[in-house]
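Chemist: sequence unknown, structure follows:
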């Protein structure tokens, strides 16, 4: 074996230390510092990593970097080159179990760490998911199809339409439920797209991802998969849903309606929240706790409406103080057909934008207002600013989330250029994207540091 393979990625003082103590990448080793001893597998280093640390993966699954100038001894106690690829396995068939189809699109739930570059990369095919989560065979007969292998920032209208069409095909074949493995960053966009493109489904359509890659000990991938596949196979809710961790612990998952869900934290496992409403249900290995009864119920027929269309000449403007009219002018000049504004307060922008709003109206550009507060309703009748903007053609969208509105506008314009018909589509609540009112417990943000909040959190945090 060449030095390059023996010391993958190591350089400088760390490389010298490995040669001095006679340890190799992928060896089981015990490294001793002045403070303690650490046992684990010596990992390769990233191509861009420093040359000062030796990194090992301990039995806990966590990686530890040890400064080589603090290592006083190191011994290799075993060697077995690691293979991080999980082999695909044919999913066992049980005629007594229901048929569920898992569509893979990419994302962290289908990823592993590439120790060569230090990046998380798409690596698992859908078939490999069974190899890593064999419990799925206890739930259903799972069929898998890898539609895409992209991170969610690369999902867009082309993928939405292909995915919607394939879901429709499987529903008409009689599938018991659909699972879509998806990266979490834009999962709420795709959930909204499927909510509009696939209507009146007789079966659950469950989107699932993970915040932490499968090779991390704190990964939520396996449990999220179990919850989502169980939901697709057995749950009574026949809607597009996002299934992810409820609390940060492993207690249960939550099922969020696809048009009212949003990613709210960059790294927490409990990142997805229903906004302005409450989730549809809780799910764990034993079953479901339904939190509401106004959901669309599972049916035995195979009828579904698929409208996989999208006009991507649309955008979102997140209003900020002192925004100039040229921000909107650029969109109009570049042929945009629709603009969603995330306005302040009850749905406001400054008066310097009024000429651009007039230009948009004259050019036949559909302009709709949402609120950047996320919770609450657009109320453009309250203040003069709102009434003036409505005179300029801006249409309020009640409590629709900006992302759900953006996706819906692209879908509406994909069906027609008639702005009156577009308005009818936008103002019709198709899958709960607007609600008559927010429930009393639909807005809850606990502010840490407040005595009564800390007291409450202390009763539930373990």
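Modeler: All right, it came through fine. Just so it is clear, the structure is predicted and the values come from calculations on it, not from any experiment. Numbers count the residues shown, from 1 in each chain.

Chemist: quick one: mean pLDDT over the lengthiest strand in the chain.
Modeler: For the chain, the longest strand by residue count, based on DSSP state E, is strand 71-79. Strand 71-79 comes out with an average pLDDT of 93.

Chemist: after the longest helix along the chain, which helix or strand is next?
Modeler: Ordering each helix of the chain by length in residues (DSSP state H) puts helix 157-173 first. Note on helix 157-173: by DSSP states H and E, the next helix or strand toward the C-terminus is strand 177-181.

Chemist: partner strands of the longest strand of the chain and their direction?
Modeler: strand 27-33 (antiparallel) (DSSP bridges).

Chemist: ok, back up a step: quick check: mean pLDDT of the longest helix of the chain?
Modeler: Helix 157-173 comes out at a mean pLDDT of 98.

Chemist: and the angle from it to strand 177-181?
Modeler: Orientation check (axes from the mean of the first three to the mean of the last three CA atoms, to 10 degrees): helix 157-173 against strand 177-181 gives 160 degrees.

Chemist: list the buried residues for the longest strand of the chain?
Modeler: 71, 74 (16 or more other CB atoms under 10 Å). All C-beta spots, glycine's among them, are computed from the backbone N, C-alpha and C.

Chemist: what's the longest helix of the chain packed up against?
Modeler: strand 99-104, strand 177-181, helix 187-197, strand 198-199, strand 305-306 (3 or more CB pairs under 8 Å, 6 or more residues apart in numbering; DSSP states H and E).

Chemist: for the record, mean pLDDT for the fourth one?
Modeler: Averaging pLDDT along strand 198-199 gives 97.

Chemist: what packs against it?
Modeler: helix 157-173, strand 305-306.

Chemist: dump these to CSV, plus mean neighbour count and distance to residue 434.
Modeler: Shown next, in CSV, are these (neighbours: other CB atoms under 10 Å; distance: least, CB to CB, whole Å):
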stretch, mean neighbour count, distance to residue 434
helix 157-173, 18, 21
strand 305-306, 15, 20
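
Chemist: closest to residue 299 out of the ones you listed?
Modeler: helix 157-173 (10.5 Å; CB to CB).

Chemist: what are the boundaries of the helices in the stretch 301-450 of the chain?
Modeler: 326-333, 354-362, 384-391, 402-413, 419-427 (DSSP state H, counting those that start in this stretch).

Chemist: show me which residues of the third one are buried.
Modeler: I take that to be helix 384-391. Buried residues in helix 384-391 (16+ other CB under 10 Å): 385, 386, 389.

Chemist: can I see the domain layout of the chain?
Modeler: Domain segmentation of the chain under automatic domain parsing yields 3-79, 99-306, 314-427.

Chemist: so how far is the first one off the chain centroid?
Modeler: Mean-position distance between domain 3-79 and its chain equals 35 Å (CA atoms, centre = their mean, to the nearest Å).

Chemist: highest mean neighbour count out of the domains of the chain?
Modeler: domain 99-306 (a mean of 21; mean count of other CB atoms under 10 Å).

Chemist: so how far is that one from its chain's centroid?
Modeler: The chain centroid and the centroid of domain 99-306 are separated by 9 Å under CA atoms, centre = their mean.

Chemist: swap in stretch 372-388?
Modeler: 29 Å.
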